[in-house]
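Visitor: test case, fold it:
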Amino acid sequence: MGKEKYRVAILGATGAVGTRMIQQLEQSTIPVGEIRLLASARSAGKTLSFNGKSIVVEEARPESFDGIDLVLASAGGSNSARLLPEAVKRGAVCVDNTSYFRMNDQVPLVVPEVNEKDLAWHHGIIANPNCSTIQMVMALEPVRQKYGLTRVIVSTYQAAGGAGQSAIDELETESQAYLNRDSEKVTPAILPVKGDTHHYQLAFNLLPQIDVFEADGYTHEEWKMIHETKKIMLGDKNSPEIKVTATCVRVPVSVGHGESVWFEVADQQKPTIAQLHQSMAAFPGLVVVDDPASQLYPQPKTAEGRRETFVGRVRPDLETPGAYNLWIVADNLLKGAAWNSVQIAERLVADDLVRVPEGSAALFATE
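Guide: Model (predicted):
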């Protein structure tokens with residue numbers, strides 16, 4: 001049986017995702033008895049609110065997780081690598097929003113509507129997928145379940161918020177300077193990748209780079225979409241069953257990722273658009289907004305602040321029978337991050353899985 005109340009820690013509580021984790025946790029079904037807000041030393045001492053109570057942010061240390069049942073983490077991969085094994089060692093179950101553990105074979109990669117069953121084999125850490133991957137598998141899973149999938153080609157239109165609050169701030173500052181024709185104040189320092197060699201203006205521009213480039217010419221974001229999709233849908237990050245390729249682009253939007261997806265079904269009967277609409281509309285958390293005659297289709301502005309994933313522009317590829325195009329939009333900081341993390345925690349509570357199996361800590365001791 002589960003507990004009456006859960007002690008929850010949020011790691012990275014002051015960030016763009018962390019603050020939204022607090023809000024989503026307030027609205028969740030999880031009975032929270034105690035909350036601990038953790039961040040870096042420079043953020044320690046700040047005060048945030050949870051359910052109307054002021055909570056002082058503490059510096060995250062291994063001992064911060066003493067007595068904690070659940071951890072929601074979004075403080076960067078290096079902090080997850082350093083601190084989450086310590087949390088597991090102390091008996092806490094962790095939901096990690098960074099990329100650090102996603103490809104670890106001992107860690108489930110979960111979108112609850114798609115593969116909740118994988119929570120059953122967790123070893124103390126569950127990974128939250130990449131924001132762009134989450135909304136794509138949400139839209140494609142009802143198609144895969146009914147008609148099968150053989151190929152997916154995705155081009156993303158990703159908001160600045162995917163790179164954190166500082167990237168949103170930079171976009172706004174650049175936009176204002178550009179409109180004021182004050183080019184000297186357009187001084188990019190974050191995008192496309194803060195730690196990379198060059199930085200470029202996002203305002204009134206497009207950046208075909210998200211994350212660092214791999215040796216094969218793909219960015220790591222593109223690599224993540226390919227392999228995370230396979231792990232979530234098929235349980236194997238290298239499965240050849242569905243061929244996936246991606247091009248990821250940063251666009252001058254604050255919040256809300258868009259994606260143009262081409263996909264091919266396995267079913268030789270070739271579903272109609274009405275049948276695809278029906279399958280998608282019946283899928284939990286997915287909303288179909290698709291009425292070209294009335295100019296109705298998903299937009300980042302209308303998805304912002306919403307938990308759902310929105311799909312529209314569903315249409316056949318007129319050159320390739322059995323292939324289709326669609327457009328997907330979601331709030332990348334909610335369904336793409338904070339809400340999906342809290343959803344995972346809700347399912348862990350509901351399924352009585354908030355416990356660390358014996359021997360789990362040793363699996364992450366060398367991470």
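Visitor: what about the stretch 101-250 of the chain, any weak spots by pLDDT?
Guide: Within the stretch 101-250 of the chain, no range satisfies pLDDT under 70.
Visitor: what ranges does it have for its strands?
Guide: Counting by DSSP state E, counting those that start in this stretch, the stretch 101-250 of the chain has strands at residues 125-127, 149-158, 243-250.
Visitor: mind giving me the packing neighbours of the first one?
Guide: Secondary structure elements in contact with strand 125-127, counted by 3 or more CB pairs under 8 Å, 6 or more residues apart in numbering; DSSP states H and E, are strand 93-96. Using the backbone N, CA and C atoms, a C-beta is placed for each residue, glycine as well.
Visitor: A337 falls within a helix, correct?
Guide: Yes. Note on A337: a helix contains this position according to DSSP: H, G, I helix; E, B strand; the rest coil.
Visitor: show the contacting residues for the nearest residue to it once chain neighbours are set aside.
Guide: Distances taken as CB to CB, 6 or more residues apart in numbering put V17 closest to A337, at 4.5 Å, once the chain neighbours are dropped. V17 sits next to S74, N97, L333, A337, A338 when contact means CB atoms under 8 Å, 6 or more residues apart in numbering.
Visitor: and V17, its phi and psi?
Guide: Taking degrees, to the nearest 10, you get phi -80, psi -40 for the backbone angles of V17.
Visitor: measure it to Q24 for me?
Guide: 10 Å (CB to CB, to the nearest Å).
Visitor: so what sits against both of the two?
Guide: Residues touching both V17 and Q24 (CB under 8 Å, 6+ apart) are A338.
Visitor: deepest of the strands of the stretch 101-250 of the chain, which one?
Guide: Sort these by mean neighbour count, taking mean count of other CB atoms under 10 Å, and strand 125-127 sits at the top with a mean of 26.
Visitor: what's in contact with it?
Guide: Strand 125-127 has contacts (CB under 8 Å, 6+ apart) with 84, 88, 93-96, 101-102, 104, 106-110, 119, 344, 348, 364.
Visitor: repeat the analysis, applying 6 Å as the threshold.
Guide: Outside strand 125-127, the residues within contact range by CB atoms under 6 Å, 6 or more residues apart in numbering are L84, C94, V95, D96, F101, R102, V107, P108, L109, V110, I344.
Visitor: before we move on, the earlier item: now render the strands of the stretch 101-250 of the chain as TSV, adding distance to D66.
Guide: Below are the strands of the stretch 101-250 of the chain laid out as TSV (distance: least, CB to CB, whole Å):
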stretch	distance to D66
strand 125-127	18
strand 149-158	38
strand 243-250	39
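Visitor: re the thing from before, can you list the contacts of strand 125-127 in a markdown table and add neighbour count and distance to S49?
Guide: Formatted as a markdown table, the contacts of strand 125-127 follow (neighbours: other CB atoms under 10 Å; distance: CB to CB, whole Å):
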| residue | neighbour count | distance to S49 |
| --- | --- | --- |
| L84 | 27 | 25 |
| C94 | 29 | 24 |
| V95 | 25 | 22 |
| D96 | 28 | 24 |
| F101 | 24 | 30 |
| R102 | 22 | 31 |
| V107 | 25 | 32 |
| P108 | 24 | 32 |
| L109 | 24 | 32 |
| V110 | 27 | 29 |
| I344 | 27 | 23 |
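Visitor: among those, which are in helices?
Guide: L84, I344 (DSSP state H).
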